[in-house]
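Enquirer: sharing a sequence plus its predicted fold:
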Amino acid sequence: MVDNVVLLGGGGCCCCLFVIFVAIMLALGFKKVESSQWALQYDWWSESVKEDPLTQAGLHFVGIGNYLLTFPATSKYCYFRNFDNSFQPDDDDVFMPPLNVRTSDGLKVTLELEFVYRLQMAKLRDLYMLVGDSGYRNTLVHVASAAISAHATNFSAQAFYGDRGDVQGAFQAALAKELDRVLYITVVSFQLQPAHFPKLYAAAIVETQEMKQDIQVAEQENKTKVIQKQTQLYSARQLAHQIIIKAEGEAQQTLVQNQADVAQFKYRQQVLAEGYSKALNFFSSQGQDAVPNFLSYLKVEALKAHGGSQKTVKLTPVV
Ligand SMILES: *[C@@H]1O[C@H](CO)[C@@H](O)[C@H](O)[C@H]1NC(C)=O
Ligand SMILES: *[C@@H]1O[C@H](CO)[C@@H](O)[C@H](O)[C@H]1NC(C)=O
């Protein structure tokens, strides 16, 4: 009786254990996919990867012993930057120090940049077969560095200095092409930061900028001076013109005045001459001495008119 109980109890226990075992095995056959993930199913029994990725978030039954290879379903960053401690890295982002490249003129410059990339769902298995489930990040870094270093030699140091639009465009195009071709990775966006130049070059660039500014200032001053001088020249010409007009006016006035004086003088002389002529006729009829007396009178009158003037006058003595 005691034996039976033990036997019964043992049988129940066995059954119980079996149920628990099956439950655990079933539970182990479920794997979870996060909403930010895509997953490939690895079949442990056949050592193969299933063709289609799991893209729905949640629990999936993959079978006992099998497991999932997860990949980011969202856009991720790849940085080539100097990081300070405040920087919070995100999972699956790639962090690398800045890139050293050479420009077309042989200058060594250090580039800081970052780009956003995305894996291609349809090519996930191809990517895995190529580089494994996490190896793509290493390969990504190598392919990106090589593409950027190669294309940096297309541009002069000057191109990296000012407006970097052309350089950035060329880098993005090259990177997109290479990553798509080699790793089935899409480049979503690309950002090139200001480049770091060797100290001497940077100093020379600053000096050049300053010189350019000085030249601009000088040119502006030149323009101002030219305008000032032109204004002065204009005023002087105006003044000269006025003076000429005034002088011409005065000359004209003098001329008219003189003509009037002359006419007046001539008229007076004429009237006087006529007067004298009449007087002479008159005295001629008054006897022998009358004319000489009259002439002597005229001489005295002339002497009186001569007045204080310094001129010497020669007169025949009055008898
Ligand atoms: C830039 O460099 C790449 C790689 O060296 C080359 O294939 C490409 O033709 C160059 N492009 C220009 C515009 O020089
Ligand atoms: C100053 O400006 C004038 C007129 O614009 C120009 O002819 C001249 O060459 C300039 N001088 C200098 C030194 O640039």
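Expert: Structure's in. What do you need? Residues are numbered from 1 along each chain as shown. Ligands and ions are numbered 1, 2, ... in the order given.

Enquirer: break down this structure into its strands, ranges please.
Expert: 30-33, 37-43, 48-49, 58-61, 67-72, 76-80, 94-96, 99-102, 108-111, 113-119, 185-192 (DSSP state E).

Enquirer: tilt between the last one and strand 113-119?
Expert: Meaning strand 185-192. Relative orientation of strand 185-192 with respect to strand 113-119: 160 degrees, computed using axes from the mean of the first three to the mean of the last three Cα atoms, to 10 degrees.

Enquirer: so what strands line up beside strand 185-192?
Expert: strand 113-119 (antiparallel) (DSSP bridges).

Enquirer: what ranges do the helices span in the stretch 51-200 of the chain?
Expert: Applying DSSP state H, counting those that start in this stretch to the stretch 51-200 of the chain gives helices spanning 124-131, 136-152, 157-161, 165-183, 199-284.

Enquirer: and the second one, what's buried?
Expert: I take that to be helix 136-152. Tyr136, Arg137, Thr139, Leu140, Val141, Val143, Ala144, Ala147, Ile148, His151, Ala152 (16 or more other Cβ atoms under 10 Å). Where C-beta positions appear, they are placed from N, C-alpha and C, glycine not excepted.

Enquirer: could you dump those to a markdown table with pLDDT?
Expert: What follows is the buried residues of helix 136-152, written out as a markdown table (pLDDT from 0 to 100):
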| residue | pLDDT |
| --- | --- |
| Tyr136 | 90 |
| Arg137 | 91 |
| Thr139 | 93 |
| Leu140 | 94 |
| Val141 | 95 |
| Val143 | 95 |
| Ala144 | 96 |
| Ala147 | 95 |
| Ile148 | 95 |
| His151 | 94 |
| Ala152 | 93 |
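
Enquirer: can you list the weak-confidence ranges in the chain?
Expert: 1-12, 89, 307-311, 313, 315-319 (pLDDT under 70).

Enquirer: ok, the residue in the stretch 1-150 of the chain positioned nearest to ligand 1 - contacts?
Expert: In the stretch 1-150 of the chain, the residue that lies nearest ligand 1 is Ala150 (4.2 Å; Cβ to the nearest ligand atom). Taking Cβ atoms under 8 Å, 6 or more residues apart in numbering as the contact definition, Ala150 lies against Ala174.

Enquirer: can you check Phe115 too?
Expert: Each residue near Phe115 by Cβ under 8 Å, 6+ apart is listed here: Tyr77, Cys78, Ala144, Gln172, Leu175, Val187, Val188, Ser189, Phe190, Gln191.

Enquirer: which one among those gets closest to ligand 1?
Expert: Leu175 (12.1 Å).

Enquirer: just checking, that closest one touches Val187?
Expert: Yes. Counting by Cβ atoms under 8 Å, Leu175 does reach Val187; the two are 5.3 Å apart.

Enquirer: need phi/psi at the residue of the stretch 101-250 of the chain found nearest ligand 1.
Expert: Closest to ligand 1 within the stretch 101-250 of the chain is Asn154: 3.7 Å, counting by Cβ to the nearest ligand atom. Backbone geometry at Asn154, expressed as degrees, to the nearest 10, gives phi -80, psi -10.

Enquirer: what sits against it?
Expert: Ser104, Ala170.

Enquirer: returning to that earlier point: between the strands of the chain, which one is closest to ligand 2.
Expert: Proximity to ligand 2 (Cβ to the nearest ligand atom) singles out strand 108-111 among the strands of the chain, at 34.7 Å.

Enquirer: near ligand 2, which residues of this protein show up?
Expert: Selection of the chain residues close to ligand 2 by Cβ under 6 Å from any ligand atom yields Glu219, Asn222, Val226.

Enquirer: swap in 8 Å and give it another go.
Expert: Residues of the chain lying near ligand 2 by Cβ under 8 Å from any ligand atom: Ala218, Glu219, Asn222, Lys223, Lys225, Val226.

Enquirer: what distance do you get for the spatially most central residue of the chain to ligand 2?
Expert: Computing the C-alpha centroid of the chain and ranking residues by Cα atoms, centre = their mean puts Asp163 first, at 7.9 Å. As judged by Cβ to the nearest ligand atom, to the nearest Å, Asp163 and ligand 2 stand 27 Å apart.

Enquirer: burial count for the closest residue to ligand 2 within the stretch 201-319 of the chain?
Expert: Here the stretch 201-319 of the chain gets closest to ligand 2 at one residue, Asn222, 3.7 Å apart by Cβ to the nearest ligand atom. When neighbours are defined as other Cβ atoms under 10 Å, Asn222 has 10 of them.

Enquirer: separation between the residue of the stretch 1-150 of the chain closest to ligand 1 and ligand 2?
Expert: Distance, Ala150 to ligand 2, using Cβ to the nearest ligand atom: 44 Å.

Enquirer: those residues of the chain touching ligand 1, which are they?
Expert: Residues of the chain found near ligand 1 (Cβ under 8 Å from any ligand atom) are Ala150, His151, Thr153, Asn154, Ala170, Ala174.
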